[in-house]
Every structure is written in structure tokens, then in C-alpha cells.
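Peer 1: Output the structure for:
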Amino acid sequence: MEQQIPYSVPGTVQRTMHSRNGNREYRIFVFKPAHAAPPSGYPVVYLLDANSIFASVAEAVRLQSRRAGGVEPFVIAGIGYPTDEPFARVRRFFDYTVEATLEQLPHRPDGFSLPATGGAELFLDFIENELKPSIEREIPIDRKRQALFGHSLGGLYALHVLFTRPGLFQAYIAGSPSLWWKNKYLFDEAQRLRSRMNQANAAVSLMIAVGGQEKPFMIEDAERMAKSLSSADIPGLRLTYSYFGDEGHVSVLPPIISAALRFMSGSSPTPR
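Peer 2: Residues are numbered from 1 along each chain as shown. Presented below is the predicted three-dimensional model:
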């Protein structure tokens, strides 16, 4: 048999980081485009759940940025965990959520046990004060072109960051956001977005996306959030809602990735 060697996406590396606050271990995946950096630096996407989707996003950028009329060559900074599984269930529950009790969550008849929750601000401190400076020391980054991309609980987290500290990123991608978390508390936080954007003097782009084969409440919540934000007519907020009718909670990720790259490049995606 011929020698077999592991395959990796060209332009990618991974390394381990430990947060200063709590000494939590992360596996960081980085994709750097082959294109020369523009004078202002590369736009960058900070990607949650990187164990599951980093390679897909990196390959999409690598392929779709090759020709004029495609997407921009983004740097991808994926935040994952020390596992070869696609998801680290316990870790992501802590990092992506504000604290909640079982009484604040929908009833689960399957004996669901709640992992530790409430690490959202610690995780954001790690991204802002440790990960971003680390990436910027290695690669020229345009700090005016930063995006946060999350799906499911990661989509919930992307909206949490937007609603509480909108000036940290200029684009937010919330795929299939778990808006059910803590009695749908983010609908209340959304009411404060106008004032917080004014305070931060922020202009942001937001893409909310969902699959048509997801659970009905997921679709209803995503549509309700998009309609609520659209009707609020918030100055400085560019909003797109994308509905992928044939896709479920996991299969929706590939179409969201391509649509999100076009969205972040300045061209709104075309929902099906």
C-alpha cells in the first residue's frame, strides 16, 4: 500500500491557547489567504464551533476568492476545543450562554441535564483581549472589518454580543440561533440595541439565517427576531434574513457559509 499522509486545508494552522482568566484551553484554527493583504489589512471572521465548520469555511474562502466577482479573501480565526469531535457540548454551553436555571429553559422529556452555564462574558473577554491581539500580531488585520459567525448556540452568542457590545465587530452572522435560551431573554436585549449602537457609534451588518426543515419554534423565533429588528428601523443596522427551505439544523450550514461570505463581502445573499 502506498504511504498515506494526513490532509490539511492549504493555508491553515492550528495551535492551543489558554485563557488568562480561568485558564481554559482552546484549539485555535487559522486560515490565511494566499492573496497579499490589502493596505488596510485583511478582513477577518471569528468563527465559533471551529471543530465542526472551520475547514468548510476555509475551503469556501479559498475557492470563492480566486476570481473577480467572488468573495473577498478573509482571514478565518476559528475558536474550537481540544477534541476531535465536531462539538464540545459541555464547553460550548458554558462559553456561549448567560447563566440560566432549568426552570428558565423549555421542558425536556429526554432527561436532559444542564451543563454549567454563564461563561459568555469570560469568553468574550478571551476573544477581545487575548485572541484578537494574538491574531493581529501574526497577520495584518483590518479592525474595521471584523465579523463574528456562530450557529445554534453560537448563533445565540453572536446575537448576545451584538445586543450588548455592538462595537466589537462590524458584522454578525447568527445561523439557526437558539433564541429559546433563558425564556427567550434576547428579545428583551434586542430592545436596547438602538441605544447601545448610539453609545458605541457603531454601524453593523447582521445576517440571521435558518433552515426550513428545522423545528418550527426555531424558524418562528428567527423570523420573529428578524422582523422585530427590521421594524425597529435602527440607524446603522444592515439586516438580512435568509431562509433555506430544504435544509435542517445541520445541513443548513453549507448554504449559510456561502451566503455569509457574500454578505460580508457587501453583496446580500439570495435566500431560497
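Peer 1: partner residues bridging the residue nearest to Asn51 when sequence neighbours are not counted?
Peer 2: Once flanking residues are discounted, Asn51 sits nearest to Gly80: 4.1 Å by Cβ to Cβ, 6 or more residues apart in numbering. (Glycine included, C-beta is placed from N, CA and C.) Following DSSP bridges, Gly80 is listed with bridge partners Arg27.
Peer 1: from here on, count from 397
Peer 2: Right, with 397 as the first residue, what we last looked at is Gly476.
Peer 1: Enumerate every residue touching Gly476.
Peer 2: Tyr422, Arg423, Ile424, Phe425, Asp445, Ala446, Asn447, Phe450, Ala484 (Cβ atoms under 8 Å, 6 or more residues apart in numbering).
Peer 1: hmm, 7 Å instead?
Peer 2: By Cβ atoms under 7 Å, 6 or more residues apart in numbering, Gly476 lies in contact with Tyr422, Arg423, Phe425, Ala446, Asn447, Phe450.
Peer 1: What of Ile630?
Peer 2: Leu589, Arg590, Met593.
Peer 1: and it, how far is that from Glu585?
Peer 2: 13 Å (Cβ to Cβ, to the nearest Å).
Peer 1: what's the helix or strand for Pro529?
Peer 2: helix 528-534 (DSSP states H and E).
Peer 1: Quick check: longest strand in this protein by residues?
Peer 2: The residue-count maximum for a strand in the chain (DSSP state E) belongs to strand 537-547.
Peer 1: in that one, what counts as buried?
Peer 2: Residues of strand 537-547 classed as buried: Ile537, Asp538, Arg541, Gln542, Ala543, Leu544, Phe545, Gly546, His547 (neighbour count, 16 or more other Cβ atoms under 10 Å).
Peer 1: Columns pLDDT and distance to Arg458 on top of the residues you listed, output as JSON lines?
Peer 2: Converted to JSON lines, these look like this (pLDDT from 0 to 100; distance: Cβ to Cβ, whole Å):
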{"residue": "Ile537", "pLDDT": "98", "distance to Arg458": "18"}
{"residue": "Asp538", "pLDDT": "97", "distance to Arg458": "19"}
{"residue": "Arg541", "pLDDT": "96", "distance to Arg458": "18"}
{"residue": "Gln542", "pLDDT": "97", "distance to Arg458": "20"}
{"residue": "Ala543", "pLDDT": "97", "distance to Arg458": "17"}
{"residue": "Leu544", "pLDDT": "98", "distance to Arg458": "21"}
{"residue": "Phe545", "pLDDT": "98", "distance to Arg458": "16"}
{"residue": "Gly546", "pLDDT": "98", "distance to Arg458": "21"}
{"residue": "His547", "pLDDT": "98", "distance to Arg458": "20"}
